[in-house]
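**Student:** Following is a predicted model, sequence given first.
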Number of protein chains: 2
Amino acid sequence: MRSVLQLRTPQSGNGDQHQFGGLNGKPAVKTVAASVRFRDPQIEMAHGAGGKASRRLIEGLFAPLLFNNTAAPLGDAARVEIDGSAVAMTTDSFVVKPLKFPGGSIGELAVNGTMNDLAVSGARGQAMLVTFVLEEGLPTSVLSDEVHAMAAAAERAGVTIVGGDTKVVERGKADGMYITTTGIGKFMAHVVIDPQSVRPGDKIILSGPIGDHGITILLARGELDLEADLSSDTRCVLPLIETMAEEAAPGIRWMRDPTRGGVATSLNELARDCGLGIVLSEEDIPMRNEVRGACELLGLDALHVANEGQFLAVVAPEYTDAAVNALSQTAGGEDACVIGEVRNEPSCAVLVTTRYGGSRIVDMLVGDPLPRIC
Amino acid sequence: MRSVLQLRTPQSGNGDQHQFGGLNGKPAVKTVAASVRFRDPQIEMAHGAGGKASRRLIEGLFAPLLFNNTAAPLGDAARVEIDGSAVAMTTDSFVVKPLKFPGGSIGELAVNGTMNDLAVSGARGQAMLVTFVLEEGLPTSVLSDEVHAMAAAAERAGVTIVGGDTKVVERGKADGMYITTTGIGKFMAHVVIDPQSVRPGDKIILSGPIGDHGITILLARGELDLEADLSSDTRCVLPLIETMAEEAAPGIRWMRDPTRGGVATSLNELARDCGLGIVLSEEDIPMRNEVRGACELLGLDALHVANEGQFLAVVAPEYTDAAVNALSQTAGGEDACVIGEVRNEPSCAVLVTTRYGGSRIVDMLVGDPLPRIC
């Protein structure tokens, strides 16, 4: 692997996307001790949930073996040099259950999710590859709907699907279909995502209300006696990020789409990667009443619930107003706001100050209260 | 999709990899009539087998919808321009059953298969992304073995794994694991893969014996009362192709790795794409006695059996000796030989002349005698 000389280290920190990054070039953002070994005897649902168990699996098994025991920084997209040009690339498999849900479906999610991983890495997706693992007996109408959904999502996102692959597995496997999308694109000028550039005083911007996707999927499964007028927030956030970058690119330090594991997991990873504290003001975090109510009933922390159309950004204080103004004047960014800031303390942790004057430390997601969310 | 201006059309013809290619630039090699619709009511195993049913699915559903009803050429890798540099990219999902088999395993197959799709497109893989869909309850030792296998295969192939994603699905859903790999790389100088450049008189070169992989998988399932001293041919063919290109690059017209659907399907696709006839000499096609025997017992045509470490090349007659000599002097290419040639007739078909003076037309694979082969 060291023989590929044109590879450079990805820029960003650990992703709830479970991206694991390259080797050479820039020093690792956060080193993975070679002694960390994955000791869990078997794979559990929690290893796919984006929280602590996922991290153990990646840092204890994938990173040291696939990266030859070298420290590996982890990011939402990798940076690869081909013929002198920097190319951003990212991949994700989608296994969401059910395949369709209010506000979206697996096909749309698969296109938007990969575009978003590139966007929060400061890249515009240009081309996409798609693979389908299909279940024998899948009605053609169901597949056709998803292919339509992908085509529409790709057109909206401005990306071209250039290739793919199809496999079929026996009845009972693959829940209808699993989709894997891979995107490649070009990095935006002047946007550098680097958790080590984050400084105390920087502001945390959130693009809109949290928890819509996770709670929508949970309700769509029909296992709970709950109904709510709620739909997934799945969308491509690239237009919002481009708008923000136009006005505030030099001030953008870090971005992430808080999917599996939610806002709390993404910000805990940032806190760990930059060694600083993230302090959030609970009353400033936008959330629909339906999400709040469902979380209270189910005993979930909305900060751990997945989003598919939101992003977090850490922006230098002098660029914060410009960034928020740019977002809030753009369609779909009306609810963007500052939800907290970076401080020296609590080191490597996320603190939420509540509306009643108290505060609590919010950890990464532990376990998997909502499996198969994306 | 038409908004992405830097995309160019992939160069090659229809792949048994089920790649479906881009839009703009060069005229389509073979147009897909907008009127072709996929009418099968549901997905069957044959739709994943790489033969006629797969082609119906791709040409009748994926291509027209994802490519907006425009004619789309199909190839083993797509060609995308990022910042003025041509990037080759390809993706494949692997669902082989069993996960381990004599001569290889799913992890090794996933790395080699994607490197080979790039290689037969005239590209050197540089970076790879990997996704795992893991089954709940999968022993860590099984996963660890595959991660080791991937790391070793990547090192042998000279490619760096730069990122990935992990999902977990419930027990019973994913046969242990499904792996998707995506590779990107750089095109080799002076190698242009284009079925429309194929001319009568060109020679068909095969890199080595056929059928090892498919028969090995079949026997490894243990459902037949057959044993044979046989192992998968999985390997990265890039070194062989690079050696051949050094000596014969201007004469190379077309290449393909004959995986699902075997040599017969790959060459039928070529015949269709170039409008010419492919005439093979049966006695010149290298094949182990174990493969021949198993095919006779099972009623299979070895020309339809999958390979994972061989490639076909169409080479101009004046470069044929140089190409074969280069291959046969390289480790792993000792059995490379000319197995036939391109003629005007039979138009768009593959004819095999037998050792007894007869001849037969060999069609693409129909149905799926060997599901889940890769």
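**Tutor:** Great, that's in hand. Numbering: from 1, shown residues only, chains lettered A, B, ... in the order given.

**Student:** quick one: contacts for A:Asp92?
**Tutor:** A:Gln17, A:Ala110, A:Gly113, A:Thr114, A:Asp117, A:Thr180, A:Thr181, A:Cys374, B:Thr131, B:Asp165 (Cβ atoms under 8 Å, 6 or more residues apart in numbering or on different chains). In short, each C-beta sits where N, CA and C put it, glycine included.

**Student:** which one of these sits closest to B:Ala46?
**Tutor:** A:Thr180 (21.7 Å; Cβ to Cβ).

**Student:** Confirm that closest one sits in a strand?
**Tutor:** Yes: assigned with DSSP: H, G, I helix; E, B strand; the rest coil, A:Thr180 falls within a strand.

**Student:** any idea how far it lies from B:Ser141?
**Tutor:** A:Thr180 is 25 Å from B:Ser141, where distance means Cβ to Cβ, to the nearest Å.

**Student:** you'd agree A:Arg79 is up against A:Leu118?
**Tutor:** No: using Cβ atoms under 8 Å, A:Arg79 makes no contact with A:Leu118, being 11.0 Å away.

**Student:** got the contact list for the residue most central in space within chain A?
**Tutor:** For chain A, A:Asp257 is the residue whose C-alpha lies nearest the centre (Cα atoms, centre = their mean; 3.7 Å). Neighbouring residues of A:Asp257 by Cβ under 8 Å, 6+ apart: A:17, A:76, A:113, A:116-117, A:119-120, A:237, A:266, A:307-308, A:310-312.

**Student:** farthest pair in these?
**Tutor:** Farthest pair in those, by Cβ to Cβ: A:Gly113 and A:Leu312, 15.6 Å.

**Student:** Neighbour count for these two, which is higher?
**Tutor:** Each of A:Gly113 and A:Leu312 has its neighbours counted (other Cβ atoms under 10 Å in any protein chain shown); A:Gly113 has more, 27 against 23.

**Student:** looking at it, that one is touching A:Thr181, isn't it?
**Tutor:** Yes: between A:Gly113 and A:Thr181 there is a contact at 7.1 Å, judged by Cβ under 8 Å.

**Student:** Now do the shared contacts for the two.
**Tutor:** Joint contacts of A:Gly113 and A:Thr181 (Cβ under 8 Å, 6+ apart) are A:Asp92, A:Phe94.

**Student:** so A:Val95 makes contact with B:Val133?
**Tutor:** Yes: the criterion here is Cβ under 8 Å, and A:Val95 meets it with B:Val133 at 6.1 Å.

**Student:** quick one: common contacting residues for these two?
**Tutor:** A:Tyr178, B:Lys167, B:Val169.

**Student:** Looking at these, which is nearest B:Glu296?
**Tutor:** A:Tyr178 (37.4 Å).

**Student:** In three-state terms, how would the closest residue to the closest one other than its chain neighbours be classified?
**Tutor:** Leaving out its chain neighbours, the residue that sits closest to A:Tyr178 by Cβ to Cβ, 6 or more residues apart in numbering or on different chains is A:Val133, at 4.5 Å. On the three-state scheme (three-state DSSP), A:Val133 is labelled strand.

**Student:** got a list of what A:Val133 touches?
**Tutor:** A:Lys167, A:Val168, A:Val169, A:Ala174, A:Met177, A:Tyr178, A:Ile179, A:Thr180, B:Ser93, B:Val95, B:Val133, B:Tyr178 are the contacts of A:Val133 under Cβ under 8 Å, 6+ apart.

**Student:** Wasn't the fourth one part of a strand?
**Tutor:** If I follow you right, that is A:Ala174. No: under three-state DSSP, A:Ala174 falls outside any strand and is assigned coil.

**Student:** For the host helix or strand of A:Gly293, output the C-alpha coordinates as CSV.
**Tutor:** In the assignment (DSSP states H and E), A:Gly293 maps to helix A:289-298. The C-alpha trace of helix A:289-298 is given here as CSV (Å, rounded to 0.1, in the frame of the first residue of the first chain):
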residue,chain,number,x,y,z
ASN,A,289,-42.3,19.0,18.5
GLU,A,290,-43.1,15.6,17.0
VAL,A,291,-39.4,14.6,17.3
ARG,A,292,-39.3,15.9,20.9
GLY,A,293,-42.4,14.1,21.8
ALA,A,294,-41.4,10.8,20.3
CYS,A,295,-38.0,11.0,22.0
GLU,A,296,-39.6,11.6,25.3
LEU,A,297,-42.0,8.7,24.9
LEU,A,298,-39.3,6.3,23.8
